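**Student:** Provided below are the primary sequence and the corresponding predicted coordinates.
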Amino acid sequence: MVIRLQNTPAFVHFSIYILFVMDLYRKDLARVYNDLFERRQEGDYVDFVFFKEKQIQPWLLEGKRFVQEITILINQRLPK
């Protein structure tokens, strides 16, 4: 993941997104990332979108777990 992104030019957010998801060998993490990315797109680019607290709570928990898992993967791949 880290090495691929360092050596690949990516000019827009979507390019980074595709490269990142392609390199995630854990489908559960790819699903969480995809879901959160879609919500971000919706929030940024759809007029008058509102999210309810009941919707957001699971996203916060998934996001926190995602960050923890990705941190572990990055630390495993960093040169020692």
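**Tutor:** The structure has been received and is ready for your questions.
**Student:** and the average pLDDT for the one helix or strand residue 21 maps to is what?
**Tutor:** Residue 21 belongs to helix 13-23 when assigned by DSSP states H and E. Throughout helix 13-23, pLDDT has a mean value of 73.
**Student:** report the contact partners of the most centrally placed residue in the chain.
**Tutor:** Nearest residue to the geometric centre of the chain (C-alpha atoms, centre = their mean): residue 33, 3.4 Å. Shown in contact with residue 33 (C-beta atoms under 8 Å, 6 or more residues apart in numbering): 17, 20-21, 24, 66. No exception for glycine: its C-beta is placed from N, CA and C like everyone else's.
**Student:** quick one: residue 38 from residue 44, how far?
**Tutor:** From residue 38 over to residue 44 the distance is 11 Å, taken as C-beta to C-beta, to the nearest Å.
**Student:** which other helices and strands does the helix of greatest length in the chain contact?
**Tutor:** Scanning the chain for the helix with the most residues, using DSSP state H, yields helix 53-77. Judged by 3 or more C-beta pairs under 8 Å, 6 or more residues apart in numbering; DSSP states H and E, the packing partners of helix 53-77 are helix 2-6, helix 27-45.
**Student:** tell me which of these sits most buried.
**Tutor:** Mean neighbours per residue, mean count of other C-beta atoms under 10 Å, is largest over those for helix 27-45, with a mean of 13.
**Student:** what distance separates stretch 25-35 from the centre of its chain?
**Tutor:** 8 Å (C-alpha atoms, centre = their mean, to the nearest Å).
**Student:** kindly apply the preceding question to stretch 45-65 instead.
**Tutor:** Taking mean C-alpha positions (C-alpha atoms, centre = their mean), stretch 45-65 and its chain are 14 Å apart.
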